[in-house]
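Visitor: coords please:
(2 chains)
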Amino acid sequence: AQTVTQSQPEMSVQEAETVTLSCTYDTSESDYYLFWYKQPPSRQMILVIRQEAYKQQNATENRFSVNFQKAAKSFSLKISDSQLGDAAMYFCSRGSNYKLTFGKGTLLTVNP
Amino acid sequence: SQTIHQWPATLVQPVGSPLSLECTVEGTSNPNLYWYRQAAGRGLQLLFYSVGIGQISSEVPQNLSASRPQDRQFILSSKKLLLSDSGFYLCAWSASRGSGTEAFFGQGTRLTVV
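Guide: Down below sits the predicted model:
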């Protein structure tokens, strides 16, 4: 089975600091996309950032950026200037052949 | 704009009873549709996905089934619920143009089987 692995069940960060969430994935496809989703306590899933596998440039969305290492099949999320509202469960996801596969998630706590 | 509706929000059902969760999408046509389950403290497990009417792909053999009777309607069913079916169920859709579009999720259904 093609999997998505998030090795950090929980992470914590001080407000205004930077934190990096890790994700590795397995795929035999050449065409795929990678996503990070955020799930706050409301449990509504929210897209944070998206990366196309054919693009070498790392995606950036305001305070959120990724480090995409295609050969290593690694896709980490960096959150800069962390805010209290960033506290949530974060899921890494891979999309290929219409299937969206998610990791088990990383619970991020932001300390004031 | 596109919206996704999922209901009910919460459900408590006895073991052995049937289940029907419904999801509808508005504002788009021919979406890809998905059912996920999120057990307590765990990630999202893909249960079923559909790329068209009547086309259902099952990811995990289990007590559940899915149907897509209309283009923008996706139904998750069970004839007899088990305790292990408890969890948080999420419906999602994505645009039909392949793998590059993100999924949009419903509000979820919290199912408790007692």
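
Visitor: can you pull out the helices in chain B?
Guide: Using DSSP state H, chain B contains no helices.

Visitor: tell me which parts of it are close to chain A?
Guide: Counting by Cβ under 8 Å from any Cβ of the partner chain, the positions of chain B adjacent to chain A are B:32, B:34, B:36, B:42-46, B:49, B:51, B:59, B:88, B:90, B:92, B:94, B:98-103, B:105, B:107-108. Just so you know, the C-beta spots here come from the backbone N, C-alpha and C atoms, and that holds for glycine as well.

Visitor: any of those residues buried? List them.
Guide: The neighbour-count criterion (16 or more other Cβ atoms under 10 Å in any protein chain shown) marks B:32, B:34, B:36, B:43-46, B:49, B:51, B:59, B:88, B:90, B:92, B:94, B:99-103, B:105, B:108 among these as buried.

Visitor: interface residues of chain A facing chain B?
Guide: A:6, A:31-33, A:35, A:43-45, A:47, A:50, A:52, A:91, A:93, A:95-105.

Visitor: buried among the residues you listed? Make that a ChimeraX selection.
Guide: In ChimeraX, the members of the residues of chain A next to chain B classed as buried (16+ other Cβ under 10 Å) are selected with the following command:
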select /A:6,32,33,35,45,50,91,93,95,96,99,100,101,102,103,104,105
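
Visitor: can you tell me which of the residues of chain A next to chain B are in strands?
Guide: For the residues of chain A next to chain B, the ones inside strands are A:33, A:35, A:47, A:50, A:52, A:91, A:93, A:95-96, A:99-102, with DSSP state E as the criterion.

Visitor: what's near enough to touch A:Thr24?
Guide: A:4-5, A:7, A:72-75 (Cβ atoms under 8 Å, 6 or more residues apart in numbering or on different chains).

Visitor: let me see the contact set for the one residue sitting closest to the centre of chain B.
Guide: Residue closest to the mean C-alpha point of chain B, counted by Cα atoms, centre = their mean, is B:Trp35 at 2.9 Å. B:Trp35 sits next to B:21, B:23, B:46-49, B:66, B:74, B:76, B:89-91 when contact means Cβ under 8 Å, 6+ apart.

Visitor: what number of residues lie near B:Thr3?
Guide: Neighbourhood size, B:Thr3 [other Cβ atoms under 10 Å in any protein chain shown]: 12.
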